[in-house]
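**Q** what's the 3D shape of this:
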Amino acid sequence: MAYLDGVFFRAVSNGTGDFVVASAIQGYQTPAAAGAVNAGVYGYRAESDDLTQWEYGTTTYNSSGTSCSRTVLGNSAGTTAKISFTLAPKVGFVDLAEQLSSASNLTSGIIPSIARIATGAADGSKYVRDDQTLAYPLKGVAPVATDWNDVQTPGVWTATGLSNAPDGINGWFYVEVLQHVGYVAGTQVYLTQTATGLTFQGKWSRTCNAGTWGAWHRLDTVRAWVHTDSVGNIYEAYNVSSVSNPSSGNITVNFTVAIASANYSVFVTANESNTGGSAVRPCTGVSQSTTAVSVRCVNGAGTLVNPAGGWNVAIFGAS
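**A** Numbers count the residues shown, from 1 in each chain. All right, here's what the predicted structure looks like:
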């Protein structure tokens with residue numbers, strides 16, 4: 001079932017027959033002028049001039065005879081029968097609740113890897129998401145994108161596998177697109193995108209200034225953290241796939257998703273004030289990369305030890 005804008009016409013005759021288009025009502029257009037396609041199915045409402053007789057339902061348009069069939073869903077008599085109009089009625093194409101109840105009832109198609117899930121966007125378009133079956137907006141066709149740079153229509157989108165994703169992550173994101181009031185496609189491109197990770201938790205933002213995209217900036221600066229027991233068994237963690245304890249006083253924390261830059265800050269503490277009878281000194285980083293960090297802990301005598309109360313490691317970075 002499809003949609004057209006501004007269709008309102010006078011039928012040729014009264015009675016219960018199909019509606020044959022006579023002429024457009026002043027200020028509106030005929031189905032043909034609005035782009036109706038042969039055998040296209042549309043919602044309609046027909047009414048008498050005094051509104052005492054009316055009906056609504058679905059119609060199949062016949063372009064050769066400029067006629068519209070009548071499948072009635074409701075009428076002024078409280079039935080689903082065709083109203084026998086006393087005079088030739090006015091007929092308009094309308095959006096029906098029955099049309100909007102399922103994405104499959106909209107002019108739709110399968111959009112690879114991307115789906116619009118917003119309604120009532122700034123451009124007045126409406127979308128319904130049903131898994132990856134995407135209903136197109138009332139005007140135009142929703143974009144099929146392989147690059148987040150090309151997702152410029154206002155609203156909230158979800159996709160995976162697109163290039164120019166935050167931190168190069170190949171995962172699912174919700175991305176909200178906001179257009180500046182002066183936006184002109186292809187010439188005056190001013191946008192803001194805010195991405196929220198689905199496959200991997202996190203939030204990023206970037207802007208497009210006069211067609212040039214800036215870098216993604218991480219809004220939540222904690223990139224990873226973990227709390228383990230003395231030998232690295234994980235209690236709780238975020239973006240940490242595993243922890244190893246290759247030798248006493250040493251652990252290596254491996255990240256689930258690599259961090260964009262190795263120039264992050266490492267904060268490490270032992271979860272106990274004493275180990276082996278001597279005070280535990282602040283833990284220190286040994287080496288760090290985009291995929292892992294190794295840290296160590298020593299007691300007051302300078303001996304490497306595993307803190308009996310466990311390890312706490314946190315990674316901070318803005319990129």
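**Q** mind checking pLDDT for residue 45?
**A** You'll see residue 45 listed with a pLDDT of 95.
**Q** distance of it from residue 70?
**A** Between residue 45 and residue 70 the distance is 11 Å, computed by C-beta to C-beta, to the nearest Å. The C-beta positions use only the backbone N, C-alpha and C, and glycine is treated the same way.
**Q** Which helix or strand contains the closest residue to residue 245 other than its chain neighbours?
**A** The spatial neighbour of residue 245 that comes closest, neighbours along the chain excluded (C-beta to C-beta, 6 or more residues apart in numbering), is residue 232 at 4.0 Å. Secondary structure assigned from DSSP states H and E places residue 232 in neither a helix nor a strand.
**Q** Who are the contact partners of residue 232?
**A** 243, 244, 245, 251, 311 (C-beta atoms under 8 Å, 6 or more residues apart in numbering).
**Q** Taking the residues you listed together, which two end up most distant?
**A** Pairwise distances across those (C-beta to C-beta) peak at 11.7 Å, for the pair 244 and 311.
**Q** Who has more neighbours out of the two?
**A** Neighbours of residue 244 and residue 311, each counted by other C-beta atoms under 10 Å, are more numerous for residue 311; the result is 27 against 14.
**Q** ok, which stretches of the stretch 101-250 of the chain are strands?
**A** Assigned by DSSP state E, counting those that start in this stretch, the stretch 101-250 of the chain shows strands spanning 108-110, 114-116, 129-130, 133-135, 155-159, 173-179, 191-197, 203-209, 212-213, 217-218, 222-228, 234-238, 240-247, 250-255.
**Q** Now residue 20: closest residue in space that isn't a chain neighbour?
**A** Closest residue to residue 20 apart from its sequence neighbours, by C-beta to C-beta, 6+ apart: residue 12 at 4.1 Å.
**Q** Could you do residue 264 as well?
**A** Once its chain neighbours are removed from consideration, residue 264 has its nearest residue in residue 317; the separation is 3.6 Å (C-beta to C-beta, 6+ apart).
**Q** overlap in contacts of residue 244 and residue 311?
**A** Common neighbours of residue 244 and residue 311 (C-beta under 8 Å, 6+ apart) are 232, 251.
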